[in-house]
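Enquirer: model this:
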Amino acid sequence: MLFSVASPNSQRREMPKGKTIHRKQYPYFLELLLEVRKKAGITQAALGKAASLSQPYVSQVEAGTLRLDTVQLRDWLHACGSDLGKFGRELEKRLKAAGL
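Expert: Predicted coordinates for the structure are as follows:
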């Protein structure tokens with residue numbers, strides 16, 4: 001089901017209802033998030049400390065039960081030696097390959 005949202009220029013666009021964790025793309029996001037941390041060679045605890053998050057929070061994000069906002073995602077990626085641009089490009093590549 002979709003609902004309308006007014007954009008800044010007063011045009012309306014349709015936005016999907018529901019949380020993104022229930023969308024087909026979300027497992028790809030989580031897989032890449034975990035991969036970035038593991039490639040950086042850091043533990044959940046070390047990532048949590050570097051990104052100002054607790055280890056349980058990091059664990060719950062990686063399990064898909066909690067979400068990150070954009071600023072938290074940026075901190076997460078920087079702690080792993082990556083950034084939003086690299087992450088976004090790789091995520092788009094994977095989603096396109098999956099037909100999403």
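
Enquirer: For residue 32, which residues are in contact?
Expert: 87, 90, 91, 94 (CB atoms under 8 Å, 6 or more residues apart in numbering). Just so you know, the C-beta spots here come from the backbone N, C-alpha and C atoms, and that holds for glycine as well.

Enquirer: Check these for burial and list the buried ones.
Expert: Listed as buried from the contacts of residue 32 are 87, 91; burial here means 16 or more other CB atoms under 10 Å.

Enquirer: how much space is there between residue 93 and residue 28?
Expert: 10 Å (CB to CB, to the nearest Å).

Enquirer: follow-up on the earlier one: point out the ones among the contacts of residue 32 that are inside helices.
Expert: If you go by DSSP state H, the contacts of residue 32 have 87, 90, 91, 94 in helices.

Enquirer: Test my guess that the last one contacts residue 28.
Expert: Right, residue 94. Yes - using CB atoms under 8 Å as the test, residue 94 is close enough to residue 28 to be in contact (5.1 Å).

Enquirer: Quick check, pLDDT for the residue most central in space within the chain.
Expert: In the chain, the residue lying closest to the centroid (CA atoms, centre = their mean) is residue 29, at 5.4 Å. For residue 29, the pLDDT comes out at 96.

Enquirer: Likewise for the one 4 residues further on?
Expert: The confidence metric pLDDT takes the value 96 at residue 33.
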